[in-house]
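Undergrad: sequence and predicted structure, then a few things I'm wondering about:
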Amino acid sequence: MISIALVGFAGKGQTLKGDEWGYAYRLATEPLIHAILHPPPGKYLIVLPMLFYKAAFSTIGIAEYLPYRLVGMALTTATAALFLLLAARRVGYAIAVPAAVLILFLGSSSEVTATALRIPTQIALVAGLGMLLFLERRDLRGDLAACVLLLVSITSHPLGAAFAAAAAVLVLSRPAPVRWRRAWVFGVPVLLFAVWYATLHEPIPGSPSLADQLRDLPRFEAQSLAVMTGAATGVFRWPWSDTTHFLTPLTSALAGAIALITAAMALTRRMPAEFWAILAALLVLFAAPAFASGAVRSPTATRYIFPGVVVLLLLLSELGRAVGLRTRRAPVVAGAAAAVLLFAIVSNAIVLEQNARMWATDGSNVRSQLAALDLAREHVDPEFRVQDPAVLAPGQGALFGLPAKAYFAIEDEYGSPAFTPAELRFQPPPARGVADAVLARALALHLSPVATMPRTRGPRPRVLGMGGEIHASIPGCVTVQPGGASPSSQIELPPRGILLAGAELTNELALARFGAVYGYSLEQPRSSRAVSLRIPPDAVTIPWKLLIAGAKRPVEACGLAGATAGGTR
C-alpha cells in the first residue's frame, strides 16, 4: 500500500508514452489480428497485452491514464507476491519479505514501477513466475497450467524466452521417461513462437548481424550482471542522471563476487534442478540486450532491469538455500542480507519518487503538445512530428513520436488526453511554453516579405507593454517608438496576423500565446523593409503576442485582413 500511495501520488498527471502510442495507432488503423501478428519491423509478439489494450482503448479510451497505471501497479504487486512464494520456500520469509518489498520500490526500473509503459513485460514476468510455481508441483495439472502460462509469457514479451529455458531445465531434469513425455510443457510454446518468428517477424534494416551479436554476448552478460547487482543492492551512483550510474567499481566488485560464489556453488555442490533453471533464465535475460535492435542494445535500459533483478534475487535465494539460510544455520549471512536489502529499499524508494515526478512532468508536456496539435489540426502537415529537434528544445519531453496524422487517427478512434485550451492556460509555465513551440511549428509561422503596404487592414494591434512611446498612425496601425537602454515592446496580435514595417526592422522578434516566455523566435527575411506574419484561424480567442526587442528605429505594426497576401504556407 505504501508503494502504491507513493507512486500514485508522485506520478499523477501521466499519459500514454512511447510504445503505448504505437499500440494505439496500430489498433486504431489495423484489423486486430493483423495488429497482433504483424508488428512493425524490430518489434515483437505481444498477444495478450494487445488484447488488453484493444479492450481498454475501446471501452475506457485514452483520455484518462489512471486505469492503466492501476493495472501496472497490480502487475507489480503480483510479481512481488509470486516472488515471495518462490523465495520463501528457499530462504524463509525473514529474507524473502524484504526482497519482495524491494521489487515494489524498484525505482531503478521506474518505467515499470512508476508507469504503465511496460505492461507487456509485466504480463510476461507474472506468467513466467506462475509457471515456475506450477512446475514445482510435478503433476499433470501443474504441467498443463505451466504450459499455458509459458505460452502467455513467451507471446507477451521476448523475456518469456528466459522462462522457456528454465522450463526446459526443470522438465528435462526429471527421471526418464517422464522428462520426454512432458517435454510438451516447454516444447509446444517454443514451437508456436518459433513458427511465428520464422514467418512473420521482421528485423529492422541495418540491425547487427548474428555474428556481431554473438561476439558482443560476453560483454553484455558481464555488464548486465553489474547493472542488476547495482539495482538490487541500491549501490548505484548518485546523483541519478545518466545511463552509467550502475557501472561503478563497487557494483562491478559485487557482481564479480556473485559470479564467483555462483560458480563455486555449481562446481563444488550438488545443486538442485531449480538452481540450474534459474541460472539458465538469468543468462538468457542478461543476453537479451545483445540481441535487441537499435538504441535499446544496452543493459542499462530500465525495461531489462525489472525482470533481471527479480530473477537475480531468485538466484540469490537458491544460493541462500544452499548455505542454509532458511534453517538459520548462517545468522551472520542472513543479517547481512537483510541489511543490504533494507539499504536497497531506501535507495530505490528515493529514486522511485524522483522518477515518478519526472514522468508526471513529461505527461504534462505531452498533453500540452497534443493540445497544440488539436489547435493546428486544420493547417498542420500530416507528416509533422513533435519529436523533430527543430520543434522542441532539449529537455522538453517529446514522448509522442508519431506523425500528426497518426495522432488524429488515434484521437478519432479513442479520444485524446490533450489539455483543453482552458486547462492549458493554468498549466505550469514550461508546459505552456511547450504548447507554444509545437503550435508555432505546426502552423509553420514565419515572416514573409511584403513589397507594398496593403490597402485593406485588419484591427489595430494592441500594445501590452513597451520601452519607448506609442503613436496611433493610419487606421489599423500603430507606431512603436523605441526608447531606453534595452528597448522592447510587447504587442497583442490581431486574429489574422500582423504586418511590420520600418526603416530598419529588428532581428529579435519572438512569439508566445499560452506561455509567459516568448520562446518561439522569428527569423527575419534578408533585405526586407516590411514583413507579414499571418495567423491561421482557430476556435480559441486567446491571442498570440509578439515581442519586439532591440529595435533602433520606429516600427509600424498593422493588423492584417483575412485576404492579405504573405501567408505562412
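TA: It's in.
Undergrad: touching, Pro495 and Arg534? I think so.
TA: No. Counting by CB atoms under 8 Å, Pro495 does not reach Arg534; the two are 10.6 Å apart. All C-beta atoms are positioned from the backbone trio N, CA, C, and that covers glycine.
Undergrad: of these two, which one has the most company?
TA: Set Pro495 next to Arg534 and count neighbours by other CB atoms under 10 Å: Arg534 wins out with 21 against 16.
Undergrad: tell me how far the more buried one lies from Leu464.
TA: The gap separating Arg534 from Leu464 is 21 Å, by CB to CB, to the nearest Å.
Undergrad: count the residues that sit near Phe291.
TA: Neighbour tally, Phe291, other CB under 10 Å: 18.
Undergrad: same question for Val188.
TA: Residues near Val188, counting by other CB under 10 Å: 14.
Undergrad: now swap in Glu30 and tell me
TA: Counted with other CB under 10 Å, residues neighbouring Glu30 total 12.
Undergrad: export whatever helix or strand Tyr304 lives in to CSV, keeping only CA atoms.
TA: Assigned by DSSP states H and E, Tyr304 belongs to helix 302-322. Only the C-alpha atoms of helix 302-322 are listed here, as CSV (Å, rounded to 0.1, in the frame of the first residue of the first chain):
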residue,chain,number,x,y,z
THR,A,302,15.2,0.0,-17.4
ARG,A,303,13.0,-2.4,-19.4
TYR,A,304,15.6,-5.1,-18.7
ILE,A,305,16.3,-4.1,-15.1
PHE,A,306,13.0,-5.1,-13.5
PRO,A,307,12.9,-8.8,-14.8
GLY,A,308,16.7,-9.0,-14.4
VAL,A,309,16.6,-8.0,-10.7
VAL,A,310,13.6,-10.4,-9.9
VAL,A,311,15.4,-13.4,-11.4
LEU,A,312,18.7,-12.4,-9.9
LEU,A,313,17.1,-12.3,-6.5
LEU,A,314,15.6,-15.7,-7.2
LEU,A,315,19.1,-17.0,-7.9
LEU,A,316,20.4,-15.5,-4.7
SER,A,317,17.6,-17.2,-2.9
GLU,A,318,18.8,-20.5,-4.4
LEU,A,319,22.3,-19.8,-3.1
GLY,A,320,20.8,-18.9,0.3
ARG,A,321,19.1,-22.2,0.4
ALA,A,322,22.4,-23.9,-0.4
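Undergrad: okay, strands next: where are they in the stretch 401-550 of the chain?
TA: Using DSSP state E, counting those that start in this stretch, the strands assigned to the stretch 401-550 of the chain run over residues 448-449, 462-466, 468-472, 477-482, 488-492, 497-501, 508-512, 520-522, 530-534, 545-549.
Undergrad: buried stuff in the fifth one?
TA: Going back to what we said before, that points to strand 488-492. 488-491 (16 or more other CB atoms under 10 Å).
Undergrad: quick one: mean pLDDT over it.
TA: Mean pLDDT, computed over strand 488-492, is 85.
Undergrad: parallel or antiparallel, list what pairs with it.
TA: Strand 488-492 sits in its sheet next to strand 462-466 (antiparallel), strand 545-549 (antiparallel), going by DSSP bridges.
Undergrad: can you tell which of the ones you listed is closest to Ile345?
TA: For the strands paired with strand 488-492, proximity to Ile345 was assessed by CB to CB; strand 545-549 is nearest, at 49.4 Å.
Undergrad: mean confidence for that closest one?
TA: Mean pLDDT, strand 545-549: 88.
Undergrad: again with stretch 264-280
TA: On average, stretch 264-280 scores 93.
Undergrad: circling back: now the strands of the stretch 401-550 of the chain in a markdown table, with distance to Val71?
TA: Listed next are the strands of the stretch 401-550 of the chain as a markdown table, based on distance: least, CB to CB, whole Å:
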| stretch | distance to Val71 |
| --- | --- |
| strand 448-449 | 50 |
| strand 462-466 | 47 |
| strand 468-472 | 58 |
| strand 477-482 | 56 |
| strand 488-492 | 46 |
| strand 497-501 | 47 |
| strand 508-512 | 39 |
| strand 520-522 | 38 |
| strand 530-534 | 46 |
| strand 545-549 | 42 |
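Undergrad: pick the most deeply packed of those strands.
TA: Across the strands of the stretch 401-550 of the chain, averaging neighbours per residue (mean count of other CB atoms under 10 Å) puts strand 497-501 on top, at a mean of 25.
Undergrad: the helix holding Tyr304: what's the following helix or strand?
TA: In N-to-C order, the element after helix 302-322 by DSSP H and E is helix 331-375.
Undergrad: got the angle for that next one vs helix 302-322?
TA: Going by axes from the mean of the first three to the mean of the last three CA atoms, to 10 degrees, helix 331-375 is angled at 160 degrees with respect to helix 302-322.
Undergrad: pull the distance from helix 331-375 to the chain's centre.
TA: 13 Å (CA atoms, centre = their mean, to the nearest Å).
Undergrad: again with stretch 201-212
TA: Taking CA atoms, centre = their mean, one finds stretch 201-212 lying 24 Å from the centre of the chain it belongs to.
Undergrad: ok, stretch 381-388 next?
TA: Here stretch 381-388 is found 19 Å from its chain centre; the criterion is CA atoms, centre = their mean.
Undergrad: cool, and stretch 127-144?
TA: Here the centre of stretch 127-144 is set off from its chain's centre by 33 Å, with CA atoms, centre = their mean.
Undergrad: gap between the two ends of that stretch?
TA: One end of stretch 127-144 to the other measures 13 Å (CA to CA, to the nearest Å).
Undergrad: state the mean pLDDT of it.
TA: 95.
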